[in-house]
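> Everything below, folded, please.
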Amino acid sequence: MALIDIILPVRNGDAFIADAIDSIQAQSERDWRLLVFNHASTDRTAEIVDDFAARDPRIVQTLCDATLSLSDVRNLGLDQSDAPLIALHDADDMSLPERLARQRGFLEAHPSLALVGGQYEVVDSTATRSFGTRRLPHAADRLAIACLFNNPIAQPTVMLRRSVLEALGARYDHGFLTAPGLKSPEVGTLAEDYWLFAQLAMKGLCANLPDTLIRYRRHDMSIGVSKFQAQMAISEQISDHLMRLLATWHDETWQTVRPFCNHGAQLGAVEKPGTLPQAWRSLRAQLLRIFGDTPGVRRELAFRDVLANRSLPVMLARFARFRLTHSVDTDEMATLRHVLSQQKKRLLH
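Residues are numbered from 1 along each chain as shown. Presented below is the predicted three-dimensional model:
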């Protein structure tokens, strides 16, 4: 048994899989096993992985049937893993050499947490051009509330603690947090990571390191590019379901969070913008009662205050004040840029 099992699903990844495995073999942490789940690839992926496995016994390839969904494959990885720590990896990304060591050290120092992610650098398909680093929130109390509005945890940066997953029955595409009368959403393979991580985050079990852990390869074949709008629609459904869970648990009246979400740096649609300020005041007070008045909660609500008025001059003025006292995350800056871009398009038309 290794200390860390690394789960890497791949489908027709012969263009990138060697870079991914090279980055794992270059880790300063040496006590790992790489479990490659080949999801019915028809290219040279199996041959490439077999070549690595022949030279490194820590690498194991499992062939998966094409009828399985990506969530099924990821769950197969969780089921077959037996290490106390589980690192997630995508076939087109590259881990930086200290990634596993830093995450292992963090989880050992914080035994109450089940998940640690981190920051990542976005690169092009050739990994020669950088688009900068995506900065995500860190603290557990902020992640607990931030997960209502978008996904603040990056799937390919994550390391999990097995014992907590087993105790909760936590798996992809599965609602392991429940409330009477509520049916869990079926998220398929478009937002399965958000659904899993948000449930863990709401229980205060997640944190992000401030360190950059991986190089994330952006290309046209990734789901985040090819199925973006469908992914955003399901993410909004998850946000509302999470709020329904919270309202039921805490005996509160349910209120939609969609207008204040920024999944994919896009604001949720609003039929009557004039009603937003009052709706936000009510929802804000409710969230403070549910999550408590902690630094992380106040920090997340401060940005949602910016979005609570769709008048562009008001929003920009609020954002300027917000920046005087808070460092701005990547998704927050991208959201304001998207608002300005949409306004420019309306003016031009």
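
> Give the buried residues for stretch 164-172.
For stretch 164-172, burial by neighbour count (16 or more other C-beta atoms under 10 Å) applies to 164-165, 170-172. C-beta here means a position set from N, CA and C on the backbone, and glycine is covered the same way.

> next helix or strand past the least confident helix or strand in the chain by mean pLDDT?
Lowest on mean pLDDT, DSSP states H and E among the helices and strands of the chain sits helix 223-226, with a mean of 58. Next along the chain after helix 223-226, taking DSSP states H and E as the criterion, comes helix 228-249.

> How about residues contacting that next one?
Helix 228-249 has contacts (C-beta atoms under 8 Å, 6 or more residues apart in numbering) with 147-151, 175, 177-182, 184-185, 187-188, 190-191, 194-195, 198-199, 202, 223-224, 252-258, 261, 263-264, 266, 268, 286, 290.

> Can you select the buried ones among these for me in ChimeraX?
Applying 16+ other C-beta under 10 Å to the contacts of helix 228-249, the buried members can be selected in ChimeraX as follows:
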select :147,148,149,150,151,175,177,184,185,187,188,190,191,194,195,198,199,202,255,257,258,261,263,264,266,268,286,290
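
> what about the strands in the stretch 101-250 of the chain?
Here the stretch 101-250 of the chain has its strands, by DSSP state E, counting those that start in this stretch, at 115-123, 130-134, 159-161, 206-217.

> Could you list the low-pLDDT ranges of the stretch 201-349 of the chain?
Scanning the stretch 201-349 of the chain for pLDDT under 70 picks out 220-226, 349.

> Which stretches in it count as helices?
With DSSP state H, counting those that start in this stretch as the criterion, the stretch 201-349 of the chain has helices at 223-226, 228-249, 276-291, 295-307, 312-325, 330-348.

> go on, the stretch 1-150 of the chain?
Using DSSP H, counting those that start in this stretch, the helices found in the stretch 1-150 of the chain span residues 17-25, 45-55, 70-80, 99-109, 140-146.

> any chance of the ones you listed in a markdown table, plus distance to residue 9?
A markdown table is the format used below for the helices of the stretch 1-150 of the chain (distance: least, C-beta to C-beta, whole Å):
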| stretch | distance to residue 9 |
| --- | --- |
| helix 17-25 | 11 |
| helix 45-55 | 11 |
| helix 70-80 | 5 |
| helix 99-109 | 18 |
| helix 140-146 | 24 |
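
> Residue 5 touches residue 32, doesn't it?
Yes. Using C-beta atoms under 8 Å, residue 5 is in contact with residue 32, at 7.3 Å.

> out of those two, which sits in the busier spot?
residue 5 (23 against 20; other C-beta atoms under 10 Å).

> Tell me what the more buried one is bridged to.
Applying DSSP bridges to residue 5 gives these bridge partners: residue 33, residue 86.

> Please list all residues in contact with it.
For residue 5, the contact set (C-beta under 8 Å, 6+ apart) comprises 32-33, 35, 81-83, 85-87.

> from these, which single one is nearest residue 112?
residue 85 (15.0 Å; C-beta to C-beta).

> from what I can see that closest one touches residue 162, true?
Yes. The criterion here is C-beta under 8 Å, and residue 85 meets it with residue 162 at 6.9 Å.

> quick one, which of these two is more surrounded?
Taking other C-beta under 10 Å, residue 85 and residue 162 do not tie; residue 85 has more neighbours (24 against 16).
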